[in-house]
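J.: 3D, please:
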Amino acid sequence: MPLPPRSPELDPQQNVWQYLRQRFLSNRVFDSHDAILKAVCEAWNNLVEERNRITSIETRPWAAG
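T.: Residues are numbered from 1 along each chain as shown. Predicted coordinates for the structure are as follows:
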């Protein structure tokens, strides 16, 4: 299904990053680039541990065929 241009809320990858930012990375101040990388890796590993979370983030009732 073609998506309208400039609509990040419909992009599955953007939805995953939004979830990571909201759940694990928001309202934080990082001391260094390495601290950012560590926090992002921890956030990703936490997401991977949550079974079926990516599927639930990406499920779009209107896109079901």
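J.: okay, CA-based contacts and neighbour counts for the rest of this
T.: Fine.
J.: In the longest helix seen in the chain, which residues are buried?
T.: In the chain, with assignment by DSSP state H, the single longest helix is helix 33-49. Burial within helix 33-49, assessed by neighbour count using 16 or more other Cα atoms under 10 Å, is assigned to Ala39, Val40, Ala43, Leu47.
J.: Then stretch 14-31?
T.: Result for stretch 14-31 [16+ other Cα under 10 Å]: buried residues Asn15, Val16, Gln18, Tyr19, Leu20, Phe24, Leu25.
J.: after the longest helix of the chain, next one along is what?
T.: Moving toward the C-terminus from helix 33-49, the next helix or strand (DSSP states H and E) is helix 53-58.
J.: Output the contacting helices and strands for the longest helix of the chain.
T.: helix 12-20 (3 or more Cα pairs under 8 Å, 6 or more residues apart in numbering; DSSP states H and E).
J.: Contacts for the helix it packs on next, please.
T.: Pro8, Glu9, Ala43, Trp44, Leu47, Ile54, Ile57, Glu58 (Cα atoms under 8 Å, 6 or more residues apart in numbering).
J.: do that again at 10 Å, thanks
T.: The contact list for helix 12-20, computed with Cα atoms under 10 Å, 6 or more residues apart in numbering, reads 7-9, 21-26, 40, 43-44, 46-47, 53-55, 57-60.
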